[in-house]
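**Q** Predicted model and sequence follow; I will ask about them next.
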Amino acid sequence: MKIINEFKKFALKGNVVDMAVGIIIGGAFGTIVSSLVKDVIMPPIGILLGGVDFSNLVWTLKKATETKPAVVLSYGVFINNVISFLIISFAVFMLVKAMNRIRDIQEEKGEQKLTEKECPHCLSKIPLAASKCKFCTSEIGTSL
């Protein structure tokens with residue numbers, strides 16, 4: 001029973017659930033990108049290259065016989081997969097770049113929150129709520 005409880009605790013942690021959602025969405029995104037490459041990007045590239053269908057590009061290593069199929073290297077499929085990888089990696093790069101930018105902006109806003117003010121008499125840093133400077137002992141209005 002202890003191992004089952006430990007597994008429940010592990011499986012229901014927020015990070016594990018978030019990771020599972022990311023994997024599922026990533027798989028769906030991969031399917032969309034594969035379709036984009038295969039059905040949208042590669043046909044015009046094939047036309048520009050003289051009507052070549054990349055998914056049909058193969059090198060025959062051994063011809064088919066009556067009992068065995070041909071042995072081929074499907075380099076056209078590999079080209080499609082490389083293009084899919086480049087699109088997915090660029091999309092992930094742009095997503096991470098946007099998230100880093102948002103984080104940097106939030107950190108800058110957090111740093112701008114004032115917690116101290118300057119004493120007008122000795123220019124020392126004192127807490128915002130201070131009414132007297134702890135360095136020069138001057139009276140300070142709370143309106144600063």
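**A** Nice, I can see it. Residues are numbered from 1 along each chain as shown.
**Q** Okay, now stretch 121-129: how far is its last residue from its first?
**A** 17 Å (C-alpha to C-alpha, to the nearest Å).
**Q** Can you tell me what sits against it?
**A** 114-119, 133-136, 138, 140, 142, 144 (C-beta atoms under 8 Å, 6 or more residues apart in numbering). Backbone N, C-alpha and C define where each C-beta goes, glycine included.
**Q** at 10 Å instead, please
**A** Contacts to stretch 121-129, defined as C-beta atoms under 10 Å, 6 or more residues apart in numbering, come from residues 114-119, 132-140, 142, 144.
**Q** And that stretch, what's buried?
**A** Ile126 (16 or more other C-beta atoms under 10 Å).
**Q** Pretty sure Pro69 sits against Lys62.
**A** Yes. Counting by C-beta atoms under 10 Å, Pro69 does reach Lys62; the two are 9.4 Å apart.
**Q** still on that earlier bit, turn the buried ones among the contacts of stretch 121-129 into a named PyMOL selection, would you?
**A** Only the buried entries of the contacts of stretch 121-129 go into this PyMOL selection, using 16+ other C-beta under 10 Å:
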select buried, resi 117+119+133+140
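**Q** Domain ranges for the chain, per the record?
**A** 2-113, 115-144 (automatic domain parsing).
**Q** Now tabulate those in JSON lines and tack on mean pLDDT.
**A** Shown next, in JSON lines, are the domains of the chain (pLDDT from 0 to 100):
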{"stretch": "domain 2-113", "mean pLDDT": "84"}
{"stretch": "domain 115-144", "mean pLDDT": "84"}
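**Q** Any chance you could spot the residue sitting in the middle of the chain?
**A** Val96 (3.8 Å; C-alpha atoms, centre = their mean).
**Q** Can you tell me the SS state at that one?
**A** helix (DSSP: H, G, I helix; E, B strand; the rest coil).
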